[in-house]
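Engineer: Here you go, sequence then predicted model.
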Amino acid sequence: MHTSPNGHIPANVPHDRVVDVDVYLPPLAAELGFHQAWARLQADHPAVVWSPRNEGHWIALSGEALREVQSDPERFSSRVIILPKSVGEGHGLIPTTIDPPEHRPFRVLLNANLNPATVRGLDNSIRATAVELIEGFRAAGYCDFSADFAELFPIRVFMAMVGLPSDAAPMIRHWASCMTRPAMPMTFEEAKQTFFDWLGPIVDERRADPGDDMLSRMLAADMEGRTLSRDEALRLCTQVLIAGVDTVVNFVGFVMVELAGSPALRSQLIAMEGNLIPAVNELFRRFGLVTIAREVRADIEFHGAQLKAGDMICIPTQVHGLDATLNPDPLTIDFSRRRAPHSAFGSGPHMCPGQELARKEVAIMLEEWLRRIPDFALADDADVSPVAGIVGSLRRVTLRWVV
Ligand code: HEM
């Protein structure tokens with residue numbers, strides 16, 4: 001990812017649609033906060049704008065434009081979903097970069113392994129992981145939430161699901177970060193290759209001698225008369241890893257910063273113990289955080305803009321839930337909202353197959369945390385400035401409480 005403007009405005013882009021936005025760290029994010037900065041951009045500009053950064057691309061800023069782009073693979077292809085396009089071309093993970101109908105069999109496979117019944121079966125292990133981590137620091141009255149909880153929790157759940165050794169979690173977490181953030185020690189390509197080199201022999205073993213884990217099940221599954229090839233298995237598994245880990249890690253960071261500053265929200269959640277999923281939905285509406293893109297298939301007019309075949313259009317999923325025309329007073333968290341529209345998990349054919357698991361992880365984590373640490377605040381050494389990336393993130397979430 002690089003973020004300097006290239007200065008070139010193509011002929012199909014009128015000057016009143018040009019806004020200088022680095023979508024991985026929008027203007028004013030440091031001053032206002034990540035979501036507030038996106039809400040401001042949305043309020044001040046038309047539904048579809050052009051940014052000269054990251055090689056130049058459109059941005060769907062209104063909730064409706066964003067939903068349309070995500071839901072319409074006929075007009076907007078997933079062939080390239082990462083900006084800038086020259087980097088996204090080499091992404092090659094599946095099923096994110098495959099359009100329907102070829103996308104379908106991969107989704108059937110993922111859905112079979114991440115459906116509500118399967119996720120229900122993970123309840124106890126998710127809860128045990130959350131409790132063990134929280135109990136590890138509860139008596140200290142302080143934790144580096146990012147390092148001591150968020151970075152360990154979803155990856156341990158993931159490692160247990162796919163039957164991989166938990167001591168490899170920090171290494172895998174590091175590779176996943178290199179695949180989603182600029183200025184990391186490895187490029188996307190290097191990190192992906194390193195992960196493939198590590199996972200390849202494990203895939204071979206599981207195929208020869210399957211276990212009772214998600215990886216073995218996916219390798220053995222019938223995919224319309226065939227099984228996954230080795231290369232497909234590596235690309236699919238890498239996608240599940242980066243989609244399922246970095247997202248939850250950073251999402252819970254945003255949530256805990258909000259709760260640290262709001263005793264009222266904490267009390268409401270405590271009162272809802274055992275039935276947190278509707279409240280978790282509202283948190284996902286408020287704290288969407290994945291910024292991806294689509295490639296325009298043919299010349300079209302879209303919300304008054306002339307898009308050309310091959311143009312990229314960014315879909316910052318967070319803007320849908322923050323659209324004041326769809327969700328009144330969108331920055332306020334209101335657990336009584338019902339069916340508030342948002343795209344934290346996307347929409348259309350690529351809509352997140354892990355959303356059931358993500359909601360469950362967050363609900364269980366909040367329940368176990370608030371049961372043990374009902375009152376907490378940001379610690380003095382917290383640094384909640386936003387960090388650039390495909391997945392929105394805060395630099396350092398540290399928390400304190402009285403023991
Ligand atoms: C905070 C939690 C999460 C958020 C916000 C999130 C968000 C998203 C979004 C926006 C997409 C759509 C991508 C696109 O349209 O190109 C997506 C796809 C995906 N997510 Fe999630 N996700 C989360 C958790 C998870 C978890 C826990 C898993 C699995 C363990 C997972 C697995 C996937 C996969 C495999 C895809 C690709 C689906 C496809 O291309 O058909 N996600 N996610």
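Structural biologist: Yes, it's here. Numbers count the residues shown, from 1 in each chain.
Engineer: Is the spatially closest residue to Arg79 that is not a sequence neighbour within a helix or a strand, and which one?
Structural biologist: In space, Arg79 comes closest to Glu295 once its chain neighbours are excluded; the distance is 5.3 Å by CB to CB, 6 or more residues apart in numbering. For every residue, glycine as well, the C-beta is placed using N, CA and C. In this assignment (DSSP states H and E), Glu295 forms part of strand 291-296.
Engineer: residues in contact with that strand?
Structural biologist: 23-24, 57-58, 69-70, 75-83, 85, 88, 307-318, 390-392 (CB atoms under 8 Å, 6 or more residues apart in numbering).
Engineer: show me the contacts for Gly392.
Structural biologist: Listed by CB under 8 Å, 6+ apart, the contact set of Gly392 reads Phe34, His35, Asn250, Phe254, Leu289, Val290, Thr291, Gln318, Pro386.
Engineer: now do Ile172
Structural biologist: Ile155, Met159, Leu164, Phe195, Trp198, Leu241, Val245.
Engineer: Out of the contacts of strand 291-296, which end up buried?
Structural biologist: The neighbour count (16 or more other CB atoms under 10 Å) marks 23-24, 57-58, 69-70, 75-78, 80-83, 85, 88, 307, 311-318, 390-392 as buried among the contacts of strand 291-296.
Engineer: The ligand next: which of these are close?
Structural biologist: Gln70, Ser78, Ile81, Thr317 (CB under 6 Å from any ligand atom).
Engineer: what does stretch 90-108 rub up against?
Structural biologist: For stretch 90-108, contacts defined as CB under 8 Å, 6+ apart pick out 73, 77-82, 110, 188-189, 192, 223-224, 232, 235-236, 238-239, 242-243, 349-350, 353.
Engineer: and if we set it to 7 Å?
Structural biologist: With contacts defined as CB atoms under 7 Å, 6 or more residues apart in numbering, stretch 90-108 is touched by 73, 77-79, 81-82, 189, 223-224, 232, 235-236, 238-239, 349-350, 353.
Engineer: now stretch 117-136
Structural biologist: Under the criterion CB under 7 Å, 6+ apart, residues 149, 152-153, 156-157, 160-161, 356-357, 360-361, 364-365, 368-369, 372 lie in contact with stretch 117-136.
Engineer: picking that back up, need the max-distance pair from the ones next to the ligand among the buried ones among the contacts of strand 291-296.
Structural biologist: Taking CB to CB, the two most distant members of those are Ser78 and Thr317; they sit 13.9 Å apart.
Engineer: helices or strands up against the helix or strand where Arg235 lies?
Structural biologist: In this assignment (DSSP H and E), Arg235 forms part of helix 230-260. When contacts are defined as 3 or more CB pairs under 7 Å, 6 or more residues apart in numbering; DSSP states H and E, helix 230-260 sits against helix 153-162, helix 169-178, helix 188-208, helix 214-220, helix 263-271, helix 355-372, strand 377-378, strand 393-396.
Engineer: If you count contacts, what does the first one end up packed against?
Structural biologist: Spelled out, that is helix 153-162. If you count contacts as 3+ CB pairs under 7 Å, 6+ apart, helix 153-162 packs onto helix 123-137, helix 169-178, helix 214-220, helix 230-260, helix 355-372.
Engineer: Just tell me which of these ends up closest to the ligand.
Structural biologist: Closest to the ligand of the helices and strands packed on helix 153-162 is helix 230-260 (CB to the nearest ligand atom; 2.7 Å).
Engineer: Is any residue of that closest one near the ligand?
Structural biologist: Yes: Helix 230-260 reaches the ligand (CB under 6 Å from any ligand atom) through Gln239, Val240, Ala243, Gly244, Thr247, Val248, Phe251.
Engineer: In TSV: those residues, plus pLDDT.
Structural biologist: What follows is the residues of helix 230-260 next to the ligand, written out as TSV (pLDDT from 0 to 100):
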residue	pLDDT
Gln239	89
Val240	88
Ala243	86
Gly244	84
Thr247	93
Val248	95
Phe251	97
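Engineer: Name the SS class of Ile315, please.
Structural biologist: Following DSSP: H, G, I helix; E, B strand; the rest coil, Ile315 is assigned to strand.
Engineer: list the contacts for it?
Structural biologist: For Ile315, the contacting residues are Ala60, Leu66, Val69, Gln70, Ile292, Ala293, Arg294, by CB under 7 Å, 6+ apart.
Engineer: Quick check: beta-bridge partners of it?
Structural biologist: Under DSSP bridges, the beta-bridge partners of Ile315 are Ile292.
Engineer: Just the pLDDT for it.
Structural biologist: For Ile315, the model assigns a pLDDT of 98.
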